[in-house]
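S.K.: Got a predicted structure here, sequence first:
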Amino acid sequence: MKIITEEFEGKIRFSISNFDLKYQEIFKMCFYSESNGVYYKDFSVDYQYIDNVRKNFELSAVDMFKQLGYFSEIPWEDALKLFCQKIEGYDIDWWLTGSCASCLRGIPLKPHDIDIMVDSKDIHLIENLFAEYLIEPIVNTGGWLTKDFGVIFLKARIDIASDPVESLDIPIPIDCGPTAKKNLETIHWEGFDIRIPPLELQLNANKRRKRVDRIKLIESYIASIK
């Protein structure tokens, strides 16, 4: 796999070429565009930490994509612990969602990344704290499903998103939408108090994505605690 970052038409282009075809679906999942067999994303040349991001992408993108495809070990527990340690002592409004949140309850899902939701007011602080680990800039999405989105690579991929929009909860509320944000539960894990969504909303999310194996695991866990 060949990883390049370069200036292109006034932007910084992150491009991926010479890859095994097994990675194509991963690039699509991560919203990379494709042209002539090359997958790419363009970012602003003026982003405050663009030099750090370019360096990290060139150094760690291959490892990140291997983890996303389950082609290598995913040390999500180490990554989550490091994240918690980095933000400890700061007044940051954040919560954990996705499969890692289920894992903290003891449900044996297999996360390939970590999904962190934050308040947009804390984005600049998070950028400062994790400047040396940014692998995609945290940017305003311009009306996507969250206000901001970016990626940290801290042993594993950590997606950072802010202010989920109402449409995420249509037709039913899921684990990363406004309903989840209003009904968070706290779990004590590895010395940290971590807020996570209600289990029913995690079940809804997996039903919407038709993840049969995960649905069975979550339903089995729910039955075991009743």
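M.R.: Received, thanks.
S.K.: Skipping adjacent residues, who's closest to the residue positioned nearest the centre of the chain in space?
M.R.: Computing the C-alpha centroid of the chain and ranking residues by Cα atoms, centre = their mean puts residue 159 first, at 2.2 Å. Spatially, and ignoring its direct neighbours in sequence, residue 159 is nearest to residue 115 (5.2 Å; Cβ to Cβ, 6 or more residues apart in numbering). All C-beta spots, glycine's among them, are computed from the backbone N, C-alpha and C.
S.K.: Count the neighbours of that neighbour for me.
M.R.: Neighbourhood size, residue 115 [other Cβ atoms under 10 Å]: 19.
S.K.: State whether it is indeed within a helix.
M.R.: No: Residue 115 is assigned strand when assessed by DSSP: H, G, I helix; E, B strand; the rest coil, not a helix.
S.K.: So what does residue 105 look like in phi/psi?
M.R.: Residue 105 has phi and psi values of phi -80, psi -10 when expressed as degrees, to the nearest 10.
S.K.: pLDDT score assigned to it?
M.R.: Listed pLDDT for residue 105 reads 97.
S.K.: check contacts around it.
M.R.: By Cβ atoms under 8 Å, 6 or more residues apart in numbering, the contact list for residue 105 reads 187, 196, 199, 221.
S.K.: Hmm, residue 219 and the third one touching each other?
M.R.: This points to residue 199. No: counting by Cβ atoms under 8 Å, residue 199 does not reach residue 219; the two are 9.9 Å apart.
S.K.: More neighbours: which of these two?
M.R.: Taking neighbours as other Cβ under 10 Å, residue 199 and residue 219 compare with residue 199 leading, 19 against 14.
S.K.: Run a quick neighbour tally on the closest residue to that one other than its chain neighbours.
M.R.: In space, and not counting its chain neighbours, residue 199 is closest to residue 222: 6.2 Å by Cβ to Cβ, 6+ apart. As a burial measure, residue 222 scores 14 neighbours (other Cβ under 10 Å).
S.K.: So residue 222 lies in a helix, does it not?
M.R.: Yes: per three-state DSSP, residue 222 lies within a helix segment.
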